[in-house]
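Chemist: I would like to see how this sequence folds:
(one chain, ligands or ions: 1)
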Amino acid sequence: MTTSRRVLLQRGAAIVGAASTGLLLPQIARAQSDKVRVGFMLPYTGAFAPLGVAIENGFRMALNEQGGKLGGREVEFFKVDDESNPPKGVENATRLVQRDKVDVLVGTVHSGVQLGIHKVARDTGVLNLIPNAGVHIATRAQCAPNVFRTSFSNSQPTLALGKAMVDRGHKRAVWITWSYAAGDEAFEGFEQSYTAAGGTILKKLSLPFPNVEFQALLAEIAAAKPDAVACFFAGGGAPKFMRDFAAAGLNKNIQLYGSGFLTEGVLHAAGEAAEGVITTLHYSDSLDTPRNKKFRLDYAKNFRLQPDVYAVQGYDTAQLLVQGANAVKGDLSNKRALYAAMQGATIDSPRGRWTMSKANNPIQDIYLRRVEKGENKVIGVAAKAVADPGTGCRMG
Ligand code: PHB
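Modeler: A predicted model of the protein is given here:
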């Protein structure tokens with residue numbers, strides 16, 4: 001036997017011996033758990049599928065800008081398609097936490113599904129980063145120290161809408177939306193801001209999510225003869241609503257307004273029907289800042305797609321996690337320090353810098369935008385530093 005072969009055999013025997021006595025196992029175990037386990041619970045099918053994809057793209061891009069690491073540790077991803085299906089919310093979130101043992105659960109888009117994730121986050125203590133769903137209780141009544149939102153609360157964009165409408169002389173409006181938490185809570189912000197500015201809501205119309213049979217409701221709008229219509233629709237339903245509104249001829253005499261999701265990621269699909277639509281949102285494609293321009297260019301190069309607000313939110317979710325993980329040098333079990341770093345973070349976002357409220361929701365400017373030549377053009381800041389009225393969450 002050659003010397004080198006004998007050395008190899010001896011080494012092999014030593015490794016087998018070490019493994020059988022358990023000496024090597026901690027090392028193997030550590031090598032596996034060395035990676036931070038990040039779970040995406042997002043819609044990859046259904047009306048909100050493009051929103052889920054944009055969030056994941058944005059998240060991966062921000063992480064790649066940090067060499068793909070969190071506090072020096074590699075990252076391993078797990079994915080669940082939540083289908084924007086609320087009854088499966090708890091089951092899907094539990095799968096990521098129990099089966100995949102994720103350290104961080106990133107999700108989701110739909111407010112009804114978020115309620116399921118929220119229950120699991122509160123029950124298990126898993127770190128949950130909300131990259132979209134604006135459901136109020138997550139950062140109000142049931143606010144939790146392990147839950148951070150990087151997007152908005154459902155009433156934040158519409159709290160800035162009412163005054164902008166009245167300022168344009170549109171004082172009699174009909175409201176229309178999907179009847180679930182996101183639409184109902186967007187209405188709360190609209191009702192508050194519109195009536196405070198002197199506007200009158202003539203009618204409140206709704207249909208179940210994700211229904212897009214708008215005809216009967218458009219007839220009701222025509223009969224009410226309002227100055228304006230304000231709405232919350234998003235994803236696949238949004239361009240359908242704008243096209244049907246225009247096809248019914250309503251855009252000739254009635255100005256269409258919306259929570260800005262109406263015109264995010266869908267301008268191509270909506271075509272001419274979106275021109276002139278006015279919305280309020282915490283982002284706009286046309287923000288003329290070096291930060292936004294670089295982000296847009298990098299995203300287009302990486303994914304051959306134009307980014308939208310959802311991509312920005314995904315990007316900021318990873319930015320927040322990077323700040324937290326760096327502060328604890330990758331030791332995500334140091335929860336007190338991790339949460340404190342994330343609570344105190346300032347995020348240098350394509351939307352503009354923002355900070356966390358005491359209830360872990362962004363304090364941010366809301367822009368007034370108008371669709372011009374297939375782009376969301378900023379025409380002003382509708383409201384500065386809008387904070388959701390949460391009172392803060394305590395460590396358990
Ligand atoms: C929500 O369900 O909270 C939701 C969904 C899509 C949006 C905004 C909010 O664009």
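Chemist: from here on, just use CA atoms for contacts and neighbour counts.
Modeler: Fine.
Chemist: which residues of this structure lie near the ligand?
Modeler: Taking Cα under 6 Å from any ligand atom as the test, the list of the chain residues beside the ligand reads 109-111, 133-135, 182, 234, 261.
Chemist: would you convert those into TSV that also reports secondary structure and pLDDT?
Modeler: Below are the residues of the chain next to the ligand laid out as TSV (DSSP: H, G, I helix; E, B strand; the rest coil; pLDDT from 0 to 100):
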residue	secondary structure	pLDDT
109	coil	98
110	coil	98
111	helix	98
133	coil	98
134	coil	98
135	coil	98
182	helix	98
234	coil	98
261	helix	98
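Chemist: these, buried ones only, as a PyMOL selection?
Modeler: Buried residues within these, as defined by 16 or more other Cα atoms under 10 Å, are selected in PyMOL through the command that follows:
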select buried, resi 109+110+111+133+134+135+182+234+261
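Chemist: residue 175 falls within a strand, correct?
Modeler: Yes - assignment of residue 175 by DSSP: H, G, I helix; E, B strand; the rest coil places it within a strand.
Chemist: state the number of residues packed around it.
Modeler: 21 (other Cα atoms under 10 Å).
Chemist: repeat for residue 211
Modeler: When neighbours are counted by other Cα under 10 Å, residue 211 registers 12.
Chemist: repeat for residue 137
Modeler: Burial of residue 137 is recorded as 14 neighbouring residues (other Cα under 10 Å).
Chemist: need the contact list for the residue nearest to it when sequence neighbours are not counted.
Modeler: Using Cα to Cα, 6 or more residues apart in numbering and skipping residues adjacent in sequence, the residue nearest residue 137 is residue 143, 6.6 Å away. Contact partners of residue 143, counting by Cα atoms under 8 Å, 6 or more residues apart in numbering, are 137, 359-360, 390, 392-393.
Chemist: drop anything exposed from the residues you listed.
Modeler: Using 16+ other Cα under 10 Å as the threshold, 359-360, 390, 392-393 are the buried ones among these.
Chemist: one step back: let me know the closest of the residues of the chain next to the ligand to residue 40.
Modeler: Sorting the residues of the chain next to the ligand by how near they are to residue 40, with Cα to Cα, puts residue 109 at the top with 11.0 Å.
Chemist: how far away is whichever residue of the stretch 251-396 of the chain sits closest to the ligand from residue 286?
Modeler: In the stretch 251-396 of the chain, the residue that lies nearest the ligand is residue 261 (4.8 Å; Cα to the nearest ligand atom). As for residue 261, its distance to residue 286 is 15 Å (criterion: Cα to Cα, to the nearest Å).
Chemist: so of the contacts of residue 143, which ones are in strands?
Modeler: Within these, membership in strands is found for no residue, as judged by DSSP state E.
Chemist: okay, those residues in JSON lines with pLDDT next?
Modeler: JSON lines is the format used below for these (pLDDT from 0 to 100):
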{"residue": "137", "pLDDT": "95"}
{"residue": "359", "pLDDT": "93"}
{"residue": "360", "pLDDT": "96"}
{"residue": "390", "pLDDT": "73"}
{"residue": "392", "pLDDT": "70"}
{"residue": "393", "pLDDT": "76"}
